[in-house]
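K.L.:
Below: sequence and its predicted model.
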Amino acid sequence: MTVRVRIAPSPTGPLHIGTARTALFNYLFARREGGTFILRMEDTDVARSTIEYEKDILDSLHWLGIDWDEGLEVAGMPAKGPYGPYRQMQRLDRYAAVAQTLLAEDKAYYCYCTQEELAADRMAQQAAHQPPHYVGRCAHLTPEEQRAKKAQGRKPVIRFRVGEGVVAFDDIVRGRVEIDTTALGGDLIIVRSDGTPLYHFSVCVDDVDMAITHVIRGEDHLSNTPKHILLFRALGAEVPQFAHLPLILNPDRTKMSKRKSQTAVADYRAQGFIPEAFVNFLALLGWSSGTEEEIFTLDELAQRFELSSVHSAGAVFDRERLEWLNGQWIRKLSDEELVERCLPFLMHDLEKVRDEGGVVHMPTTEDLRPLVPIIRERLPMLAAIGPLVDFLFVEEVTVEPDMLIPKRWDAAAAADALKAARGVIAKVGEVSFEADELEAPLRALAEERGWKAGDLFMAIRVAVTGRTATPPLFDTLVALGYERSLQRLDAARETLDALAA
RNA sequence: GCCGCAUUCGUCUAGAGGCCCAGGACACCGCCCUCUCAAGGCGGAGAUCACCGGUUCGAAUCCGGUAUGCGGUACCA
């Protein structure tokens, strides 16, 4: 039997970290087993679903490198696979037909209870310290009773008969799980009064229709699994294997939520995390290779992934670790890749400067390429590119006068130092402006005047970049160029002079 | 409340009866490197393996209970 797995997001929000991780594990399992990975859209919650969210989900999955063998149309390509449509709203007829079959077999029935009746039931149960459940008022209505209720204008829902007994299954990550049907809350609604199917029902119908062999999903569905098993049986289908993944948690160990964490994959992308790192990180949330290696490409993960070695305890989303991994992966990028991926982030920052009235030169990949060696190990995220090199592309830097003055100096001393440094730099530049040529004479200057070289360098650094943390000074000066370096030194000295006066 | 699942350094985890008075990684601290920031190297601190009982010559590993946490309990998915 060939493995068929699926991810079934609902477009009621941007792609969530948890959904992405579930998608990843399904994908890895399919790759590893030579199976088929299917993408289906669960869009029956019409009130909350939007096309924008759907687009975000598809884009984000694509960004992560998780592509599907079967399912929704991708980037202009038609839907793939013989089991479509893969969008639940296009399968409504199918659910209705299956519901009718269940009705005909008396595995389900029409329920005419009103919201008020149900609420009253719940209240009474609560008062009696009973678990909330459907009392079965409509479970055995005679045709006359049905007609009477209908005559009152009530729109029925369809409920599935849950029955009695214990449902047991062997979860691939958790082992044997047994749940008594009395814990299920009574006969469950499978079709709303407006005729649309509910999640528990549609998911089973789809899984049967799409011949899903393994249901790999979040632990939050563990308690729902008996309902699904009962439905699979009622449908006369083989029950798939289940694997319930540990939840991804907020730092306070509750289920990861928008309120407490950043949950949208797109947000991480926007901050300059790269997919290689993100996928690597996600894979290590709840799974480990069993070795001490932890840097893996998607392909390497697919080679090693074992569903049975997935953990069962929840995992806190540790952003620091993500950033570390991201840095690791950024350092592995080729020069070309790095330049290409950084450029949009730099442009974004510079556009902001321009919008605020600054004069900027928009960088090209050629501008960035020579900078690679000095930025590569300074980027925990691509978005860190701006503060690192933006001074190269703005007409004028804004310099905090305070930052220009090293701790043991005053304004006059700093002005003096910058003036002297300007002289040295100007002289070097007359011949050739190279990083190697600059260091020695500037150090000599510091020694001659009795300054700490670090103090001198810091004053120059701030004068030229406006920042205290930059790539190495001499590389920075060279990148800036001879003329502009001197100009900025002069400008800084002037502000210092004004301060000293 | 009821049902279910879980519990190894702050975090991610290794560990499937003796190799473990518990290993790795992130974060943290120190040192080295060093013009700042990083990166890198070296070292350190950090877990009575939730607790209590049991099985066993021997338990983080098996069993039972307790506690705590989380999840589920919708005409949401």
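P.N.:
The structure has been received and is ready for your questions.
K.L.:
for RNA strand B, what are the nearby residues on the stretch 101-250 of chain A?
P.N.:
The interface of the stretch 101-250 of chain A toward RNA strand B, taken as C-beta under 7 Å from any atom of the strand, is made up of A:113-115, A:118, A:129, A:131-133, A:155, A:157, A:174-180, A:183, A:185, A:189, A:192-194, A:198-200, A:219-224, A:246-247, A:249. No exception for glycine: its C-beta is placed from N, CA and C like everyone else's.
K.L.:
could you flag which of these are buried?
P.N.:
Burial by neighbour count, 16 or more other C-beta atoms under 10 Å: within these this picks out A:113, A:118, A:133, A:157, A:174, A:177, A:179, A:189, A:193, A:198-200, A:219, A:221-222, A:224, A:246-247, A:249.
K.L.:
So which of these belong to strands?
P.N.:
A:157, A:177, A:179, A:189, A:249 (DSSP state E).
K.L.:
Just send those back as a markdown table, with pLDDT too.
P.N.:
Below are these laid out as a markdown table (pLDDT from 0 to 100):
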| residue | pLDDT |
| --- | --- |
| A:Val157 | 96 |
| A:Val177 | 92 |
| A:Ile179 | 92 |
| A:Ile189 | 97 |
| A:Leu249 | 95 |
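K.L.:
Stretch A:361-379 and RNA strand B, are they touching?
P.N.:
Yes. Using C-beta under 7 Å from any atom of the strand, stretch A:361-379 reaches RNA strand B at A:377-378.
K.L.:
CA atoms only: put that stretch into PDB for me.
P.N.:
Presented in PDB, the C-alpha positions along stretch A:361-379 are these (Å, rounded to 0.1, in the frame of the first residue of the first chain):
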ATOM      1  CA  HIS A 361      21.500  55.800  -4.200                       C
ATOM      2  CA  MET A 362      19.500  52.700  -4.800                       C
ATOM      3  CA  PRO A 363      21.900  49.700  -4.700                       C
ATOM      4  CA  THR A 364      22.300  47.000  -7.300                       C
ATOM      5  CA  THR A 365      23.600  43.500  -6.900                       C
ATOM      6  CA  GLU A 366      26.900  44.800  -8.300                       C
ATOM      7  CA  ASP A 367      27.100  47.300  -5.400                       C
ATOM      8  CA  LEU A 368      26.500  44.600  -2.900                       C
ATOM      9  CA  ARG A 369      28.700  41.900  -4.200                       C
ATOM     10  CA  PRO A 370      32.000  43.300  -3.000                       C
ATOM     11  CA  LEU A 371      30.500  43.700   0.400                       C
ATOM     12  CA  VAL A 372      29.700  40.100   0.900                       C
ATOM     13  CA  PRO A 373      32.900  39.200   2.800                       C
ATOM     14  CA  ILE A 374      32.300  41.900   5.400                       C
ATOM     15  CA  ILE A 375      28.600  41.300   6.000                       C
ATOM     16  CA  ARG A 376      28.200  37.600   5.800                       C
ATOM     17  CA  GLU A 377      28.900  36.700   9.400                       C
ATOM     18  CA  ARG A 378      27.100  39.700  10.700                       C
ATOM     19  CA  LEU A 379      23.700  38.700   9.500                       C
END
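K.L.:
Rounded mean pLDDT for it, please.
P.N.:
On average, the pLDDT along stretch A:361-379 is 96.
K.L.:
For it, buried residues please.
P.N.:
Applying 16+ other C-beta under 10 Å to stretch A:361-379 flags A:363, A:367-368, A:371, A:374-376, A:378-379 as buried.
K.L.:
Repeat that for stretch A:317-328.
P.N.:
Neighbour-count burial for stretch A:317-328 [16+ other C-beta under 10 Å]: A:317, A:322-323, A:325-327.
K.L.:
pLDDT added to these, as CSV?
P.N.:
Below are the buried residues of stretch A:317-328 laid out as CSV (pLDDT from 0 to 100):
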residue, pLDDT
A:Phe317, 96
A:Leu322, 97
A:Glu323, 97
A:Leu325, 97
A:Asn326, 98
A:Gly327, 97
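K.L.:
Which ones, among those, also lie beside RNA strand B?
P.N.:
Applying C-beta under 7 Å from any atom of the strand to the buried residues of stretch A:317-328, those adjacent to RNA strand B are A:323, A:327.
K.L.:
just the buried residues of stretch A:317-328 now: which is nearest RNA strand B?
P.N.:
Distance ranking of these against RNA strand B, using C-beta to the nearest atom of the strand, places A:Gly327 first at 5.7 Å.
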